[in-house]
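Enquirer: Have a look at this prediction, sequence included:
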Amino acid sequence: MSFLSNTFWVKRITILVSFFIVSLILWNTYIFFQKFKQDERAKMEIFASAIKEFESNTDLNASFNLETKVFENIKDIPLILTDDKENIISSHNLDSVKSTDKKYLQNQLQLMKHQNQPIVINYLKNKKQFVYYRNSDLLYKLTYYPLALLLILGLFLTVVYLFFNSNKIAEQNKLWTGMAKETAHQIGTPLSSLLGWIAILRAENISEDYVDEIEKDVNRLSTIANRFSKIGSLPELKPQNIVEITKKAYDYLESRSSKQISFSFSTSKEVIESNLNTELYGWVIENLIKNAIDAMQGKGAVSVSIFESDKKVKILVTDTGKGIPKSQFKQIFKPGFTTKKRGWGLGLSLSKRIIKDYHKGKIFVQKSELGKGTTFEIILNTI
């Protein structure tokens, strides 16, 4: 069984076990809550009995002692005693200062009516009193306990998801890195053979122009192999003239593109130095220009501009293509995202990784308008 399959089942089992444990705790909390509520009801019934006894007992000392003991037992439960016309007779366990305000007592009375059924005290023949009460502070806290538990569960599941997701991404990165390095290795063998054939062609006095063009394409394959070999490892950066490297990538694609596409290149200085890896940076420029050509469907204009400002160098690649919706400005840099019928959606993702992770720079869509074109911008530090 593969690592990803194992991860899938471990994640599912972890989630199911967590759900079961939390459900069990919530159920026990609910049962405890109901039991505690019943106990508070029983205390209120005892209080009501004590009030009835006090009203009907002629022995004032005995009644006072009974009421005192009952009040000690219910000191954490707020209550209001009313007559049969809902006139407030007394209140207990409420805020001693606020209880002097009749409006506050009425509000508390409405709250108590909403929370619990009153307890009726019948004494004499046609005389009644009502005991209204609300939940104690402890019972209030218990009502929020399940919410806190669910929040903790949510955080726990988030951590589990991030953990397994990071493992999945790491495994995928290893796979892509292995494929890239294997591709570079496989290209190396025919490249060596092609270099030998070029030497034979020169010895046979074949037209030098033909041989030079073949040699350029062989060198191009060598560059591609070097790029693939550097994926997954930290590339070496050296001081380079970014104008020269950019122009080289630009020239290669210009010479191999449709004549219906006009190319323009401009720079504020002929030499702007930055710490670069030549192969990887050139790959980014080629990706952007290729995307520009694809966006124009073989007809339009591509411009590459370079200028230096405040110890930064900015490279702009502009096309007159179909444009990108603003909602996709960030999505286009995600692996697998593509608007083409063909392609894996890795070009811009790799470009971002090369610029951001390896060269500590920035790459983003500077502007784009549907039907008019797009401008990508790269920002790197200068030396």
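Expert: Structure received.

Enquirer: now the helices for this protein?
Expert: Along the chain, counting by DSSP state H, helices occupy 3-56, 60-73, 102-115, 137-203, 208-230, 242-255, 278-296, 347-352.

Enquirer: Let's have these in JSON lines, adding distance to Lys128.
Expert: Where you see a C-beta, it was placed from the backbone N, CA and C, and this is true even at glycine. Shown next, in JSON lines, are the helices of the chain (distance: least, Cβ to Cβ, whole Å):
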{"stretch": "helix 3-56", "distance to Lys128": "10"}
{"stretch": "helix 60-73", "distance to Lys128": "19"}
{"stretch": "helix 102-115", "distance to Lys128": "16"}
{"stretch": "helix 137-203", "distance to Lys128": "27"}
{"stretch": "helix 208-230", "distance to Lys128": "90"}
{"stretch": "helix 242-255", "distance to Lys128": "93"}
{"stretch": "helix 278-296", "distance to Lys128": "85"}
{"stretch": "helix 347-352", "distance to Lys128": "78"}
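
Enquirer: Out of the ones you listed, which gets nearest to Ser327?
Expert: helix 347-352 (15.7 Å; Cβ to Cβ).

Enquirer: which strands and helices sit next to the closest one?
Expert: helix 278-296 (3 or more Cβ pairs under 8 Å, 6 or more residues apart in numbering; DSSP states H and E).

Enquirer: tell me the domain ranges of this protein?
Expert: Structural domains assigned to the chain are 3-135, 234-381, following automatic domain parsing.

Enquirer: and the last one, how far apart are its ends?
Expert: Terminal residues of domain 234-381 lie 18 Å apart, using Cα to Cα, to the nearest Å.

Enquirer: one step back: which of the domains of the chain sits most buried?
Expert: domain 234-381 (a mean of 17; mean count of other Cβ atoms under 10 Å).

Enquirer: Could you give the separation of that one from the chain centroid?
Expert: 27 Å (Cα atoms, centre = their mean, to the nearest Å).

Enquirer: That domain - what's its average pLDDT?
Expert: Mean per-residue pLDDT for domain 234-381: 88.

Enquirer: now do stretch 112-128
Expert: For stretch 112-128, the per-residue pLDDT averages 84.

Enquirer: now the end-to-end length of it.
Expert: 18 Å.

Enquirer: closest to Leu195 out of the domains of the chain?
Expert: The closest of these to Leu195 is domain 234-381. By Cβ to Cβ, the value is 18.3 Å.

Enquirer: could you dump the domains of the chain to JSON lines with distance to Ile224?
Expert: Shown next, in JSON lines, are those (distance: least, Cβ to Cβ, whole Å):
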{"stretch": "domain 3-135", "distance to Ile224": "29"}
{"stretch": "domain 234-381", "distance to Ile224": "8"}
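
Enquirer: Of all those domains, which one is nearest Leu147?
Expert: It's domain 3-135; of the domains of the chain, that one is closest to Leu147 (Cβ to Cβ) at 10.2 Å.
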